[in-house]
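S.K.: got a predicted structure plus its sequence, pasted below:
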Amino acid sequence: MQTTDRRQPFALAVCAETVFAKRPVPERLERLTAAGFLVEIWDWTRHDIKALARSGATFSSMTGYVSGTLADDAGADELLRTAAQSIPVARELGCPRLNLHGTGLDGQGLPVVKAETVSGAMWLKAVDTLRRIADLGEREGVTFVLENLNEAVDHPKTPFAKAADTIALVEAVNRPSLKLNLDLYHAQIGEGNLIELCRRALPNIGEIQVADVPGRHEPGTGEINYPAIARALDAMGYRGVIGLEAWPQGDDELALQRFRDAFTLS
């Protein structure tokens, strides 16, 4: 019988906030770790950090600030202050990447500072803020990653939401301590053309996050051809983290298997 070799060129991570959501967080970490996944978390202030550190999980990323914004003076200072608070937590968890957004988000994922338009002055201030973030990352030996979002469904009126925006900001700063968290779920809603977007962003990608559209469920439940994207990323030479940040459509274990299958190559 002929067998087909399958290989996994990527490091697969799963957001513990969205999978096994009815179970206690320590059990979620235990299940994800036993299944061979890295783990991601959101707001660290909502977690028992000592318990997370004892869990044995390998953390891939976490939210790297508590509050703050990119494009105004007071917000930028607050972002730097809470980013600095996040670094000891990341160090305790062994978490290498700290996630940022164009502005702080509230409990419903809505921007705390809404923007109908983004002015030139806001762009310049955002670049300056991210340079300060990059300085902090270099001093502390961590990498901050700037995530794109979508305005049409989940995060209306968020400044610097599109992948094109986050790519432009990271390229303007051009520092190894600031990379992209390229979220393909958000990018599909906002821009599409995902394979070429990955190719364009590749030199600055720190991590890729995925979910399907519509519904923000696991790969295989919507319109995105994730196996084709996986093959393209492999051909480009991407060997980093692919993170599942999705709500299972039904069974959690099935969602994890669909995710693994989408990014396992024949």
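M.R.: Thanks, I have it.
S.K.: alpha carbons only for contacts and neighbour counts from here, please
M.R.: Fine.
S.K.: and the helix or strand containing Arg139, what does it pack against?
M.R.: According to DSSP states H and E, Arg139 maps onto helix 120-140. If you count contacts as 3 or more CA pairs under 8 Å, 6 or more residues apart in numbering; DSSP states H and E, helix 120-140 packs onto helix 73-93, strand 143-147, helix 163-173, strand 178-183.
S.K.: if we use 10 Å, what do you get?
M.R.: Counting by 3 or more CA pairs under 10 Å, 6 or more residues apart in numbering; DSSP states H and E, the packing neighbours recorded for helix 120-140 are helix 73-93, strand 97-100, strand 143-147, helix 163-173, strand 178-183.
S.K.: buried set for that helix?
M.R.: Across helix 120-140, burial judged by 16 or more other CA atoms under 10 Å covers 122-123, 125-134, 136-138.
S.K.: quick one: the strands in the stretch 151-266 of the chain, in order.
M.R.: With strands called from DSSP state E, counting those that start in this stretch, the stretch 151-266 of the chain shows them at 178-183, 205-210, 241-244.
S.K.: which one, of the ones you listed, ends up nearest to Thr103?
M.R.: strand 178-183 (14.8 Å; CA to CA).
S.K.: CA atoms only: put that closest one into PDB for me.
M.R.: The C-alpha coordinates for strand 178-183 follow below in PDB (Å, rounded to 0.1, in the frame of the first residue of the first chain):
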ATOM      1  CA  LEU A 178       8.400  45.200  16.100                       C
ATOM      2  CA  LYS A 179       6.800  42.700  13.700                       C
ATOM      3  CA  LEU A 180       3.400  42.000  12.300                       C
ATOM      4  CA  ASN A 181       0.700  39.700  13.700                       C
ATOM      5  CA  LEU A 182      -1.000  39.100  10.400                       C
ATOM      6  CA  ASP A 183      -4.500  38.000  11.100                       C
END
